[in-house]
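Trainee: Predicted coordinates and the sequence they were generated for:
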Amino acid sequence: MSRQPDYRVDGGVALVTGAAGGIGAALAERLVRDGSHVALVDRNAEGLEDLAARLRVRRPDRLVTATVADLAEPDAPAQVVAAALSEHGRITLVVNNAGVALAGRFEQVSISDIDWLLAINLRSVLAVTSAALPNLAPGSQITNISSLFGIVAPVGNAVYSASKFGVRGFSMALRTELGPRGIGVTTVYPGGIKTAIARHARRGAGVSEAEWEAGLRAYDRFLVIEPAVAARKITEGLTRRRPRVLIGPETYAGDLLARLAPSGHSAVFEYVARKRAGL
């Protein structure tokens, strides 16, 4: 199969979930800077409107819309796609970026916590894609944000890793399925991006105060890459329709570790992470 032409950002219409902060906001800013119209989605109404206002000032010649939605709600994914199509008339780029975290080992979290995380991190990716796909023409692009923890699965991240490994598998199969239709699929594996995902994580009922504080300190040391750096790499990768975009030295190291020790990498990664965090 011949390589698809590059995705054209300028003049396209990008649907970006989880757009109010972190990677989503930085990516929306870069896409608009490069000439894309954007349909922004987030449950954070204030943050979403602030971003939309900034982007409209930056590129008044581009249409910027904002839809407040909680993608954990079953009907929300289809609704945000319908809103984007109503306001823009088409979608050429889908960025499934919305994601949440859950603090605690598997035995420390509840099934309701698990359902909540999977609804946002995995189901919404499938559901947004399903709703958008009938409306994507050849030349369109889908970009799904997985994680370093979609490559390696450290202790304390069983449910989060399950969701991000799911995004990884879905994206790999989808890329093969949609290639003949001229639609590209890129999977992104960010490492330690400086976002608020850890501080906004849901805390499992079995997680003690000491464990919670230690976890936050560890993530403060780990999350050091600026979102703008991630946005630049993601834009470059999706434009060139790369199958994978790895961000951060720890992600490259994790990718190598998973290949060298497919059954034992979790223990090795946990040891290195604890040493790095000074625990």
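Mentor: Here it is on my side, so go on.
Trainee: any chance you could map the strands in the stretch 101-250 of the chain?
Mentor: Taking DSSP state E, counting those that start in this stretch as the test, the strands found in the stretch 101-250 of the chain are 102-103, 141-145, 184-190, 202-203, 244-247.
Trainee: distance between the third one and the chain's centre?
Mentor: What it means is strand 184-190. Centroid displacement of strand 184-190 relative to its chain, using Cα atoms, centre = their mean, to the nearest Å, is 9 Å.
Trainee: Between strand 141-145 and it, find me the angle.
Mentor: Counting by axes from the mean of the first three to the mean of the last three Cα atoms, to 10 degrees, strand 184-190 lies at 20 degrees to strand 141-145.
Trainee: which secondary structure elements does strand 184-190 contact?
Mentor: strand 141-145, helix 158-178, helix 227-239, strand 244-247, helix 249-260 (3 or more Cβ pairs under 8 Å, 6 or more residues apart in numbering; DSSP states H and E). C-beta here means a position set from N, CA and C on the backbone, and glycine is covered the same way.
Trainee: 7 Å - rerun?
Mentor: strand 141-145, helix 158-178, helix 227-239, strand 244-247 (3 or more Cβ pairs under 7 Å, 6 or more residues apart in numbering; DSSP states H and E).
Trainee: Of all the strands of the stretch 101-250 of the chain, which one comes closest to residue 27?
Mentor: For those, proximity to residue 27 was assessed by Cβ to Cβ; strand 141-145 is nearest, at 8.8 Å.
Trainee: dump the residue contacts of the residue lying farthest from the centre of the chain.
Mentor: Largest separation from the mean C-alpha position in the chain: residue 210, at 28.9 Å (Cα atoms, centre = their mean). Listed by Cβ atoms under 7 Å, 6 or more residues apart in numbering, the contact set of residue 210 is empty.
Trainee: Which pLDDT does the model give it?
Mentor: For residue 210, the pLDDT comes out at 80.
Trainee: Please identify the helix or strand for the nearest residue to residue 58 once chain neighbours are set aside.
Mentor: Excluding its sequence neighbours, the residue lying closest to residue 58 (Cβ to Cβ, 6 or more residues apart in numbering) is residue 32, at 6.3 Å. Using DSSP states H and E, residue 32 falls within helix 22-33.
Trainee: Contacts for stretch 165-179 next, please.
Mentor: Stretch 165-179 is contacted from outside by 1, 122, 125-126, 142, 144, 146, 150, 185, 187, 243, using Cβ under 7 Å, 6+ apart.
Trainee: All set now, cheers.
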